[in-house]
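# Here is my input, please return the structure:
(2 chains)
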Amino acid sequence: MSVPTVVFQVTAIGKNPESLQESVESVLYWVRNTPRVGFRYLIWVVVEPLGYVLAPRFYQRLRRQGVRVLMVPPEYRTPLGTRGKARALEYACAQRRAEGMSTPSFWVYHQDEETCVGQDTLQGLSEFIDQGRKLVGVGMILYPLDWAGTPSHVQELARSYDDLRLLDSMTMPGNPTAGCHGSHILVRADVEDSVGWDAPGYNPTEDLAFEIRVRARYGSVFGLLSGFAYEKGAFSLHDQLRQRRRWVHGVLHALFRLDELPLRRRLTVAYSALAWFSALPSVLLLLGSAALHYGRLTAFTGVFTGFVWISIVVAYVEGYRLHAAYLERHVAVPWLFANGVLGALIDIVAPWYALFTRPTMGDFIAKDRPPSGIRWWQLEGSRLSLRRHRNAARVATTSLRAKPG
Amino acid sequence: MRGSPSAYLEERMEAARSAASGVHREIDEMERRAKDLRGTIVRIERELDQAVRELVFVRSSYGGESVPSEPPQPPRSPGVPSFDPAREGRGRSAASAASLSSFTSGEAIGGRFVRFTVSAYNRTVDDIKRRRGVLAMFTVALSAAVGLTIAILTVVYASASSPLWVAILPVVWLVPVPFFLIAFRGTHRVLRQNHLKLPGET
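Below is the predicted model:
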């Protein structure tokens, strides 16, 4: 069998060139500085024309570094007419099929534009491919890049610890707690290209749909990928809220629009969504207990409530410990606590917010570092102010149009 | 000269009154529109100010690169693209890539990611695996303590005469419990069964 080749594929709109640059450079750096890596490599950056237009010189520089920049042509249409990120991913699949790369000796490592790799990531990839037992590898993601201890950043600490749950779930038959990663996953090219990313319309979480399809066609082929990937959280609560909203829309899309979802998976996905939705009523009930006396039933439910609370606290604490070696900045415990609570409130509200807003392809999350000196609450303020002014301009335009003459 | 008033005087007066009233309305309307227009101008000025700030932000974020006025041409046609293994770096092993200086422009690469080493990873993984047992016991013990406290508080303070709809509300707290139980089991299973550690270190 020929030497395996890993395609490091960064798929993005391309509006975060700084992050993308760092992501690509991390690959270029570590492929040169990691011993005993048993694969050859390619780097693909798949971007939308909008991103390319914003910084063409940046993409030309990437080309000079040996990176293949694929700009998804505006006129490109998939057979089923998928839109958003899935369209770009399907375009990359089409390129591989056309170039004869859809074979067992090619592997695709998916990265978001801010996904940096480390020496451990590459060793993990090498080990996974060498073992050759599974077709898809999933691993843990840390969020130490640009970590500043803001509410949205503290929230990501718990996500890393939750990855342990997710890895177990994904490597089990049926994925009982319904989780998925869109980045830091390694897929054998023939598997990915046979399943593809094409689906009717826009799917907010194309990765979940992909996981469901792979599982339906190939069974339990997901294995654990050693090594972390290194990413960054949203810089503002507003972005965090929009990111979570997209996830919820993705779950609802899978539940109500994804025909391939088997009944059993549909139930587990529905239950996971229900568990998330129950967070806000739970908190409201807790606050309500000051005024309402719930009765003796609370003695029974309270036992389990304690377990849920402690599990959440453990996720934050252990998430912080997982990141400890990588954070450039440490925050005082009271601030950490306060920001953790604020970030958690956003996550609690997010599913309900998603229920009353429509999915949008414009949910672009800024990942390039804001200019130095800007604090997270100033970011929130500027976004709110921008939105207010946009609304004012819209109202003014409408009223001008409505006036006769 | 005096004479009898025109038979149409009343009608003409009515027309004049109506015209005056119309003019008044028009003036009011013009005043209102002028006020709206002033408001719109203020909003436009604010929006322009905001746009300037946004532009400064974008410029500082994009390292001073100017946004081109024309869209770029796609790098190749969407059909069957050409594939140049030499240009793409195909056929190079990761280990031997360092010797292929022609692959890059020769720029030295370095960044925050140089800290992401196998040894740092192994230390982190070792740490959490070593504490797994303590972590599990701590979670269970603290959960029991919190649960017990809630139970005691309930027995002491709960109202036995709550209406049914109020009494059953805490059932909502049970909804996520299976999820967290599965998560607890899964987390500890991953830590117990998988070695996670990587062999290669620099």
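# nearest residue to residue 195 other than its sequence neighbours?
With no chain named, the answer covers chain A. Distances taken as Cβ to Cβ, 6 or more residues apart in numbering or on different chains place residue A:213 nearest to residue A:195, at 4.9 Å, with adjacent residues excluded. Heads up, the C-betas are built off the backbone N, CA and C, glycines and all.
# not what I meant, chain B
Excluding its sequence neighbours, the residue lying closest to residue B:195 (Cβ to Cβ, 6+ apart) is residue A:226, at 8.0 Å.
# same deal with residue B:153?
Per Cβ to Cβ, 6+ apart, closest to residue B:153 is residue A:302, 7.8 Å.
# that older thread, isn't there a strand covering the residue nearest to residue B:195?
Yes - counting by DSSP: H, G, I helix; E, B strand; the rest coil, one finds residue A:226 located in a strand.
# shouldn't it be in contact with residue B:190?
No - with contact defined as Cβ atoms under 8 Å, residue A:226 does not reach residue B:190; the gap is 11.4 Å.
# what's near enough to touch the residue nearest to residue B:195?
Going by Cβ atoms under 8 Å, 6 or more residues apart in numbering or on different chains, residue A:226 touches A:120, A:123, A:124, A:127, A:128, A:139, B:194, B:195, B:196, B:197, B:198.
# The last one contacts residue A:120, correct?
Yes - the pair residue B:198 and residue A:120 qualifies as a contact (Cβ under 8 Å) at a distance of 5.7 Å.
# can you confirm residue A:137 is in a helix?
No - going by three-state DSSP, the assignment for residue A:137 is strand, not a helix.
# In contact with it, which residues are there?
Counted by Cβ under 8 Å, 6+ apart, residue A:137 has contacts A:124, A:125, A:128, A:185, A:186, A:187, A:222, A:223, A:224, A:225.
# residues near the second one, how many?
Just to be clear, that refers to residue A:125. The local packing of residue A:125 (other Cβ atoms under 10 Å in any protein chain shown) involves 28 other residues.
# Doesn't it belong to a helix?
Yes - assessed by three-state DSSP, residue A:125 belongs to a helix.
# How about the contacts made by it?
Taking Cβ under 8 Å, 6+ apart as the criterion, residue A:125 is in contact with A:6, A:37, A:39, A:107, A:109, A:137, A:186, A:225, A:227.
# Out of those residues, which one has the weakest pLDDT?
Least confident by pLDDT among those: that is residue A:37, with 85.
# Surely that one touches residue A:120?
No - Residue A:37 lies out of contact with residue A:120 (Cβ under 8 Å); the separation is 11.6 Å.
# And the helices in the chain?
Just going to use chain A. Under the criterion DSSP state H, chain A contains helices at A:17-32, A:49-54, A:56-64, A:85-98, A:119-131, A:151-171, A:189-195, A:206-218, A:237-257, A:263-277, A:279-288, A:297-323, A:333-355, A:376-402.
# hm, I was asking about chain B
Going by DSSP H, chain B shows helices at B:9-61, B:85-88, B:118-130, B:132-157, B:164-167, B:177-193.
# what angle separates the fourth one from helix A:297-323?
The one in question is helix B:132-157. 150 degrees (axes from the mean of the first three to the mean of the last three Cα atoms, to 10 degrees).
# quick revisit: of residue B:198 and residue A:120, give the one with the bigger neighbour count.
residue A:120 (29 against 21).
# Please list all residues in contact with the more buried one.
Taking Cβ under 8 Å, 6+ apart as the definition, contacts of residue A:120 comprise A:226, A:227, A:228, B:116, B:117, B:118, B:120, B:121, B:122, B:198.
# let's see it at 6 Å
With contact taken as Cβ atoms under 6 Å, 6 or more residues apart in numbering or on different chains, residue A:120 is in contact with A:227, B:118, B:121, B:198.
# Spatially, which two of those residues are the most separated?
A:227 and B:118 (8.0 Å; Cβ to Cβ).
# which residues do the two both contact?
A:120, A:123.
# Run a quick neighbour tally on the closest residue in space to residue A:344 that isn't next to it in sequence.
In space, and not counting its chain neighbours, residue A:344 is closest to residue A:155: 6.6 Å by Cβ to Cβ, 6+ apart. When neighbours are defined as other Cβ under 10 Å, residue A:155 has 25 of them.
# Understood, closing this out.
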